[in-house]
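Undergrad: From the sequence below, what's the structure:
(2 chains)
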Amino acid sequence: MSIQLTPAAAVAETHPPESATLSVRPLPRLRIQATPGWKALNLRELWQFRELLWFLALRDIKVRYKQTLLGVAWAVLQPLMAMLLFSVFFGRLGGFDQKTADVPYPVFVLCGLVPWQLFSYALTQASNSVVAEQRLLTKVYFPRLLIPISPILSGVVDFGISMVLLAGLMAYYRVLPGGAVLALPFFMLFAVLAALAVGLWLSAVNAIYRDVRYTIPFLIQFWLFATPIAYPSSIVPPRWQWVYGLNPMVGVVEGFRWSLIGGGQPPWPAVVASFLVVLALLVSGLYYFRRMEKTFADVV
Amino acid sequence: MIELAEIAIAVNRLGKQYRIGQRERYKSLRESIMRGLTVPVRRLRSGFGSSDGQRANGKSTFWALKDVSFEVKQGEVLGIIGRNGAGKSTLLKILSRITEPTEGFVDIYGRVGSLLEVGTGFHPELTGRENVFLNGAILGMSQAEVRRKFDEIVAFAEVEQFLDTPVKHYSSGMYMRLAFAVAAHLEPDILLVDEVLAVGDATFQKKCLNKIESVGSQGRTVFFVSHNMQAVTRLCSRALLLHDGQVAVHGCTHEVARTYLHGGAYGSAARVWPDPERRPGNHVVRLCAVRVRSDDHEVHATVDIRRPVSIEMEFEVLRDGHVLVPNLHFYNDDGICAFIVNAGHGQWGRRPRPRGRYRSTVRIPGNYLAEGTLSVNVGISTLNPVIVHVLEPDAVAFEVVDSLDGNSARGEYAGPMPGVVRPILPWTDERGSERAESFAEELA
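TA: Modelled structure (predicted):
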């Protein structure tokens, strides 16, 4: 059967002026059919839906601290408590405060915790996002990529708040950033991209295999210790540095810390290695997500 | 003025295959890893021939839609009807791009708005105002568009005073009104509507119907899926009847509605669900069978208006301790609910039922129903508090035929008789004395 576009020339209907102009405009054609295999990313469509992305992120932000006693204070308390904990156990008792050169240990730790918390929040939220949004997913069409992206955006708000905390702590210890601070926006973006890259993979896999959500808490704990937050990466033996750099958060945390409190040479090898890993994960994650998304509505 | 694309939707040999159980279960990683590990072995055994595609042809799959082709013209309001499981929702899900077809394709001309549910994405913690913007964005409206229509939406929903209250404090009526108001102000070229009208009170339903009607009359294409035959006949000029995933009839609404309700090949006076897994119901009770029996105890799809007719339902109670009341809803040709009966007065009306198999039968006396087709929705509920365990729309249908013998309610009259019931009621019919001006005078 073929589809004919019959120009209805014979139909001389009278239209109100506005619908007359409407009918002149050729209607866009959309073809719905099975798309086997890999799909194009269609970033243009993603851009068309940017308002929805904004509203979804806004919803997460507004709802997150509703009906909590302390409200937004949690965004400050979480990194603050973690910093105190690390300072006492790793810094004082573990003796790491001797290895952080001339930087006060609390500042050193918080510089690692701030990007880390963005990463771990985004990872947790994004990996569960497809399952959490199943009502939307099964009722309305929009680019599915928005689902794992929006919780990451909402994490950025907490990130901003903890940046203020970090600035306050640095002022308290009279640690001033140098010229390297100009690279800070890059490392912030780097942290967001790292979270997105891992979040994309986990969200798609979690939609199909629910085992993933049980592994997330362990994954995050393990990852925390495999990242130079409580300790400087220099304690890792040089010949293992490249393996260590494959953990994308090594480059993120090292770079972030370097841009804020300096400390000699920028950690290029770790940053470059991590950046390549993030890039690879991000691109593959995007394509993998697009490939799997058609099954989401049937399996969630 | 020449319209460039007269066709709004062209569906071509559309098919959708599901794996049985796919909708209910997700995989565990372990299973997949095990399967992955054993694939090479299985490949070797079957001589490299067995691929996923071939396995899919086995018994573990079914076609929710198969070989469906039709066209919808611009400005047409098309109703989609069919029993549960006929493929209505699957078709709507494919058209609204929620799920992909397995084969075939659809061409859609114009901007599509789909309303598979009212209030998709509403968040209980957000205020009415915030939800309007969020929901608008979800339905595909731009922020500017929502802002422009905001006052209209709020007025339509009649929730002006509560705009800044979280919607979790709304009554369900207010919630539905607001949710529908947003959707109603979507202005797509093609509107896909699922049974969103099944909710809300009668006034609100009427308002929704009017809105959809006006969308239709503006020359937009509307694709309307509903069980509410009255709504379909009122709104739609044309209808499409789906049966077992295929197009059974496509044509003028009245003809299609008649085919559907009259049963014919597609309805029946008896429904049996042999497979316990697929019986309507939940973990408490499941419906096994429904039958329409005439007074000779045989199943009949056509009954004489003067004879009693019994509706018999069989169900299995799987859990002890629930008060379960069978109920039947009778709908006539026009989709009007003629009446509802429940077994709340019977011996199990207030007592919890122990596990086991039950048969409940209600007898409708002769000379009670009006002639025409009656479609029966079968439910099993707990009445206080209300829990609906089973609700099977259009479970059975039967036709009541009036006689022209003169001894039914119509008497000698042979013309059309409206009304949902046609009873013979006792009359007193006496003659007054010739001289009295009125009966009152006589009594005095």
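
Undergrad: okay, CA-based contacts and neighbour counts for the rest of this
TA: Noted.

Undergrad: Might one say that B:Gly379 is in contact with B:Pro326?
TA: Yes - counting by CA atoms under 8 Å, B:Gly379 does reach B:Pro326; the two are 5.8 Å apart.

Undergrad: Taking the stretch 151-300 of chain A, what residue is nearest to chain B?
TA: Relative to chain B, the nearest point of the stretch 151-300 of chain A is A:Tyr209 (5.1 Å; CA to the nearest CA).

Undergrad: Poorly predicted segments of the stretch 251-400 of chain B, please.
TA: Low-confidence segments of the stretch 251-400 of chain B, defined by pLDDT under 70, are located at B:261-267.

Undergrad: And for the residue of it at minimum distance from chain A, the neighbour number?
TA: Across the stretch 251-400 of chain B, the shortest distance to chain A (CA to the nearest CA) belongs to B:Arg278, at 18.2 Å. Around B:Arg278 there are 11 other residues, counting by other CA atoms under 10 Å in any protein chain shown.

Undergrad: any idea how far it is from A:Asn247?
TA: 49 Å (CA to CA, to the nearest Å).

Undergrad: Same check on B:Glu430?
TA: 101 Å.

Undergrad: Tell me which of these two has more neighbours.
TA: Using other CA under 10 Å as the criterion, B:Glu430 and A:Asn247 rank with A:Asn247 on top: 19 against 6.

Undergrad: you'd agree the more buried one is up against A:Val272?
TA: No - the criterion here is CA under 8 Å, and A:Asn247 misses it with A:Val272 at 11.4 Å.

Undergrad: What values do phi and psi take at B:Ile380?
TA: phi -130, psi 120 (degrees, to the nearest 10).

Undergrad: contacting residues for it?
TA: B:324-327, B:388-391 (CA atoms under 8 Å, 6 or more residues apart in numbering or on different chains).

Undergrad: Could you write me a ChimeraX select line covering just the buried ones among the residues you listed?
TA: A single ChimeraX command selects the buried members of the contacts of B:Ile380 (16 or more other CA atoms under 10 Å in any protein chain shown):
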select /B:324,325,326,327,389,390,391
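
Undergrad: Including secondary structure, could the contacts of B:Ile380 go into a markdown table?
TA: A markdown table is the format used below for the contacts of B:Ile380 (DSSP: H, G, I helix; E, B strand; the rest coil):
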| residue | secondary structure |
| --- | --- |
| B:Leu324 | coil |
| B:Val325 | strand |
| B:Pro326 | strand |
| B:Asn327 | strand |
| B:Val388 | strand |
| B:His389 | strand |
| B:Val390 | strand |
| B:Leu391 | strand |
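
Undergrad: Pull up the residues of the stretch 51-200 of chain B that are close to chain A.
TA: B:93-111, B:114-117, B:120-121, B:125-126, B:133-134, B:137-140, B:142-143 (CA under 8 Å from any CA of the partner chain).

Undergrad: Stretch B:134-147: which residues count as buried?
TA: Under the neighbour-count criterion of 16+ other CA under 10 Å, stretch B:134-147 has B:134-143, B:145-146 buried.

Undergrad: Oh, that last question was meant for stretch B:341-360, not what I typed.
TA: Using 16+ other CA under 10 Å as the test for burial, stretch B:341-360 gives B:342-344, B:349-350, B:353.

Undergrad: Next step: those restricted to strands.
TA: Among the buried residues of stretch B:341-360, the subset assigned to strands under DSSP state E consists of B:Asn342.

Undergrad: farthest pair in the buried residues of stretch B:341-360?
TA: B:Asn342 and B:Arg353 (15.6 Å; CA to CA).

Undergrad: Are any of the residues of the stretch 51-200 of chain B next to chain A buried, and if so which?
TA: Those of these that meet the buried threshold are B:93-111, B:114-117, B:120-121, B:125-126, B:133-134, B:137-140, B:142-143, by 16+ other CA under 10 Å.
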